[in-house]
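Undergrad: Okay, predicted coordinates and the sequence, questions at the end:
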2 protein chains.
Amino acid sequence: MNKREAMVLLKNKGYKHTDKREDILDLFDRKNGYLSAKDIQSELKGDYPGISFDTIYRNLSLFQDLMILEETELDGEKIYQFHCTEHHHHHLICLRCGKTRTIDVCPMQDLSQIDPEFQVTGHKFEIYGYCKSCRDKMAKEKFEGGIHDSITVSPST
Amino acid sequence: MNKREAMVLLKNKGYKHTDKREDILDLFDRKNGYLSAKDIQSELKGDYPGISFDTIYRNLSLFQDLMILEETELDGEKIYQFHCTEHHHHHLICLRCGKTRTIDVCPMQDLSQIDPEFQVTGHKFEIYGYCKSCRDKMAKEKFEGGIHDSITVSPST
DNA sequence: ATACATGCAAACAATTTGCATATTA
DNA sequence: TAATATGCAAATTGTTTGCATGTAT
């Protein structure tokens, strides 16, 4: 799912086009990863200083009902990203920027008979860590912080 | 970890013995699975009609700090069970009674090189469903019209 | 014009905290 | 008694809802 498809779906279902709605979807399009309500609010408050969380939550909830977005939870916060309809999969999730990378491996495939007594109805498998780009940034931050903390100073870029 | 070990640990660390504390640990001992703050409150309000959530939360948090309990999240609720120190593992979690069963399979073992650029720091793998006992009960309730509704911790000896 | 979308404020639920009191060692 | 545990009430955080208004079709 992406913004364009989502906009078409909304239109077909009779939902109205609004700038905020489009901009929320646009954020997801550009992000390619998870966003929380708070993320969205802080991204959009530039263009819409008065944007309210109700609107964001209502749209996230609508998008989820329409299978535009899928939800998961991280640290007690609900986070969303575009729903992937094609096939079952899991994600690497960057804890710093929220970007995700799909992995096609599913651990359930190998677990046919863990416990025949237990009726499996669902599972959650997520891998957390830091993407290359964030690691680079973190390394740089550390470097710059180190310079400020130490007495000897060499120019930073 | 179990109640007895936990009590010893608490004593050694200088924490005081209280009935509530003991009874909370006792619940976990008898439960062998996950409990939420709400579960604990509803189990203990018989003996302690005025038991407050602050006490429960404070104790859960203490137990977690002391590695007596481990925490996970289900449906936006924090749930706890005894911490298992021996080895890394995952759980089957019954969505009805909260009981868990440890499984030794870890999907990460097979995923050495999913993405060399991504630095993995953690993962979550949980399997949800219904245990044998709950499936039996649910089948029975279907007949009887289902008035039974308890967290099923049998009386202590 | 009408149905849907939004903002406001208030309600919620889960969890946390300050402070006075009660309890354990 | 001295340190810790608890209860109360109030604060916090994330999320939801009722209602009046605003806006897209």
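TA: Thanks, I have it.

Undergrad: which stretches of chain A form helices?
TA: A:3-12, A:19-31, A:37-44, A:53-65, A:132-149 (DSSP state H).

Undergrad: list the contacts for A:Lys3?
TA: Residues near A:Lys3 by C-beta atoms under 8 Å, 6 or more residues apart in numbering or on different chains: A:22, A:25-26, A:28-29. Every C-beta, even on glycine, is put in place using the N, C-alpha and C of the backbone.

Undergrad: change it to 6 Å
TA: Shown in contact with A:Lys3 (C-beta atoms under 6 Å, 6 or more residues apart in numbering or on different chains): A:25-26, A:29.

Undergrad: got it, and A:Met67?
TA: A:His83.

Undergrad: let's see it at 10 Å
TA: Counting by C-beta atoms under 10 Å, 6 or more residues apart in numbering or on different chains, A:Met67 touches A:1, A:6, A:9, A:82-83, A:85.

Undergrad: Which residue lies nearest the spatial centre of chain A?
TA: For chain A, the residue nearest the mean C-alpha position is A:Tyr34 (0.3 Å; C-alpha atoms, centre = their mean).

Undergrad: okay but it is in contact with A:Arg101, surely?
TA: No: checked against C-beta atoms under 10 Å, the pair A:Tyr34 and A:Arg101 is beyond contact range at 11.5 Å.

Undergrad: related to what we said a few turns ago, make TSV from the contacts of A:Met67 and add pLDDT, distance to A:Met67 and neighbour count to it.
TA: Output for the contacts of A:Met67, formatted as TSV (pLDDT from 0 to 100; distance: C-beta to C-beta, whole Å; neighbours: other C-beta atoms under 10 Å in any protein chain shown):
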residue	pLDDT	distance to A:Met67	neighbour count
A:Met1	92	8	21
A:Ala6	97	10	24
A:Leu9	97	9	15
A:Phe82	96	10	23
A:His83	93	5	15
A:Thr85	71	7	9
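
Undergrad: Can you sort out which of those also neighbour DNA strand D?
TA: Residues of the contacts of A:Met67 in contact with DNA strand D (C-beta under 7 Å from any atom of the strand): none.

Undergrad: what touches both of A:Tyr34 and A:Arg101?
TA: Common neighbours of A:Tyr34 and A:Arg101 (criterion: C-beta under 10 Å, 6+ apart): A:91, A:93-94.

Undergrad: Restricted to strands, list these.
TA: A:91, A:93-94 (DSSP state E).

Undergrad: returning to what we had before: tabulate the helices of chain A in CSV, adding columns for distance to B:Leu60.
TA: CSV is the format used below for the helices of chain A (distance: least, C-beta to C-beta, whole Å):
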stretch, distance to B:Leu60
helix A:3-12, 40
helix A:19-31, 35
helix A:37-44, 25
helix A:53-65, 28
helix A:132-149, 32
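
Undergrad: Which stretch among these approaches B:His17 most closely?
TA: helix A:37-44 (41.8 Å; C-beta to C-beta).

Undergrad: Quick one: mean pLDDT over the longest strand anywhere in chain A.
TA: Counting residues, the longest strand found in chain A (DSSP E) is strand A:119-130. In this model, strand A:119-130 has an average pLDDT of 94.

Undergrad: mind listing what the residue nearest to the centre of chain A touches?
TA: A:28, A:69-72, A:74, A:77-82, A:91, A:93-94, A:97-100.

Undergrad: re the thing from before, what about the longest strand of chain A and chain B, touching?
TA: Yes: contact of strand A:119-130 with chain B (C-beta under 10 Å from any C-beta of the partner chain) involves A:119-130.

Undergrad: Can you tell me which of these is nearest B:Ser42?
TA: Ranked by distance to B:Ser42 (C-beta to C-beta), these are led by A:Thr121 at 24.2 Å.

Undergrad: Surely the closest one and B:Cys131 touch.
TA: No: the pair A:Thr121 / B:Cys131 is not scored as a contact, 11.5 Å apart, by C-beta under 10 Å.

Undergrad: between the two, what contacts are shared?
TA: B:Leu95.

Undergrad: In terms of packing, which of those two has more residues around it?
TA: B:Cys131 (23 against 10; other C-beta atoms under 10 Å in any protein chain shown).

Undergrad: Apart from its chain neighbours, what residue comes closest to the more buried one?
TA: Excluding the flanking residues, the one nearest B:Cys131 by C-beta to C-beta, 6 or more residues apart in numbering or on different chains is B:Cys94, at 4.2 Å.

Undergrad: Tell me the bridge partners for the one you found.
TA: Beta-bridge pairing of B:Cys94 under DSSP bridges involves B:Gly129.

Undergrad: ok, now how distant is it from B:Tyr48?
TA: 27 Å (C-beta to C-beta, to the nearest Å).

Undergrad: low pLDDT regions in chain A?
TA: Scanning chain A for pLDDT under 70 picks out the ranges A:145-157.

Undergrad: What residue spans form the domains of chain A?
TA: A:1-85, A:88-150 (automatic domain parsing).

Undergrad: would you list those domains in CSV and tack on distance to B:Gln109?
TA: Putting the domains of chain A into CSV (distance: least, C-beta to C-beta, whole Å) gives the following:
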stretch, distance to B:Gln109
domain A:1-85, 23
domain A:88-150, 10
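
Undergrad: No more questions from me, cheers.
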